[in-house]
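Peer 1: No sequence on hand, only this structure:
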């Protein structure tokens, strides 16, 4: 079991960041329904992910790490809290222009209170995203080296969920007017781009070597003539080339 199970909730998790950007471009009268709806959907997505988080943590505490070929999926655990940070912080930033004057008694005051509460709550979720990023990173320490980790499409988990962490870092930096955090976010962009280029290269290489997108080839299950042992034989003391 890996956080890859969270993927069905990902469409809900990206609603918040999109709504934060969209609400800034629309008239205030049209922004409020978007913020309310997106907050609801984002909350459902995060709570569903939270249930998978608990199962994932239990699995790590009671069993060993996932198989090497499945470990890239551990980075998916970074996404839910990071996307939620980016979403709620950006939406809270648009609350003042979106709330009517009489909203919840005093629209301007309600927006200010909401922004303070959301920004500090987002710090918790940002820290949670960093926590899962570190767990996933250290889990790959034993896979460093030629032949230890065969390419699979799950390698794109090195990239996509971590874009959420970068986005959340920028959101936190701007919310607290912290140049240091913004600089950290800029520094995170560089290795992320390099990782994307590396994963894309490995994908092209795997196609050329017929490790993926070919009959009876694959990396994570045995279905429909899918035979992992032809790519990475399960022989103690031996390792297949990457």
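Peer 2: Nice, thanks for sending it over. As the structure is a prediction and not an experimental result, all values here were calculated from the model. Residues are numbered from 1 along each chain as shown.
Peer 1: and the spatially most central residue of the chain, what element?
Peer 2: In the chain, the residue lying closest to the centroid (CA atoms, centre = their mean) is residue 79, at 1.9 Å. Assigned by DSSP states H and E, residue 79 belongs to helix 79-93.
Peer 1: Follow the chain on from that helix and name the next helix or strand.
Peer 2: Counting by DSSP H and E, what follows helix 79-93 is helix 95-98.
Peer 1: what packs against the next helix or strand after that next one?
Peer 2: As assigned by DSSP H and E, the chain's next helix or strand after helix 95-98 is helix 107-139. Applying 3 or more CB pairs under 8 Å, 6 or more residues apart in numbering; DSSP states H and E, one finds that helix 107-139 contacts helix 79-93, helix 95-98, helix 160-175. Where you see a C-beta, it was placed from the backbone N, CA and C, and this is true even at glycine.
Peer 1: Tell me which of those helices sits most buried.
Peer 2: Highest mean neighbour count of the helices and strands packed on helix 107-139: helix 79-93, a mean of 28 (counted as mean count of other CB atoms under 10 Å).
Peer 1: what about this protein, any weak spots by pLDDT?
Peer 2: Applying pLDDT under 70 to the chain picks out residues 1-3, 145, 147-148, 215-242.
Peer 1: Show me which helix runs longest in the protein.
Peer 2: Looking across the chain with DSSP state H, the single longest helix is helix 28-62.
Peer 1: which ones are touching the closest residue to residue 89 other than its chain neighbours?
Peer 2: Leaving aside its sequence neighbours, residue 89 sits nearest to residue 171 (CB to CB, 6 or more residues apart in numbering; 4.2 Å). If you count contacts by CB atoms under 8 Å, 6 or more residues apart in numbering, residue 171 has them with 85-86, 89-90, 122.
Peer 1: before we move on, back to that, out of the helices and strands packed on helix 107-139, nearest to residue 47?
Peer 2: Across the helices and strands packed on helix 107-139, residue 47 has its closest neighbour in helix 79-93 (9.5 Å, CB to CB).
Peer 1: Kindly calculate the angle that the closest one makes with helix 28-62.
Peer 2: Computed by axes from the mean of the first three to the mean of the last three CA atoms, to 10 degrees, the angle separating helix 79-93 from helix 28-62 equals 160 degrees.
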